[in-house]
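Undergrad: Give me a model of this one.
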Amino acid sequence: MSQRMDISDTLDATGLLCPLPVLKLRKRIGALAPGQCIEMLADDPAAVIDVPHFCAEAGHELVSTDTRDGAQIYVVRKAAKA
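TA: Residues are numbered from 1 along each chain as shown. Predicted coordinates:
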């Protein structure tokens, strides 16, 4: 994917346990315009399952996943109709 990615918001959900990271992501992504991206940091082991599942169910695009300093980093693009 050569498309440039602009992060419109960052959510630090480190220290939170399931289901709080995804609940906070759902609330924050709701404030974004369709097509905008949010970056979420999480260290909950369940997030590796919960975030992709949330994206698939809600129609959002999981653009990338990475790890940094012991935290998982997810970049999610808001769906056009969400």
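Undergrad: Need the residues that contact the helix or strand where residue 40 lies.
TA: Taking DSSP states H and E as the definition, one finds residue 40 inside strand 37-42. The contact list for strand 37-42 (Cβ atoms under 8 Å, 6 or more residues apart in numbering) reads 5-14, 16, 21, 25, 28-29, 32, 51, 63, 68, 71-78. C-beta coordinates here come from the backbone N, C-alpha and C atoms, glycine included.
Undergrad: chain center to it: distance?
TA: Strand 37-42 sits 4 Å away from the centroid of its parent chain (Cα atoms, centre = their mean, to the nearest Å).
Undergrad: Quick check: residue 47 vs residue 34, distance?
TA: Noted for residue 47: a distance of 24 Å to residue 34, by Cβ to Cβ, to the nearest Å.
Undergrad: all strands of the chain, in order?
TA: 7-12, 37-42, 61-68, 71-77 (DSSP state E).
Undergrad: Pull the contacting residues for the spatially closest residue to residue 24 that is not a sequence neighbour.
TA: Closest residue in space to residue 24, ignoring its immediate chain neighbours: residue 13 at 5.6 Å, by Cβ to Cβ, 6 or more residues apart in numbering. By Cβ under 8 Å, 6+ apart, the residues touching residue 13 are 20, 21, 24, 25, 40, 41, 42, 44, 47.
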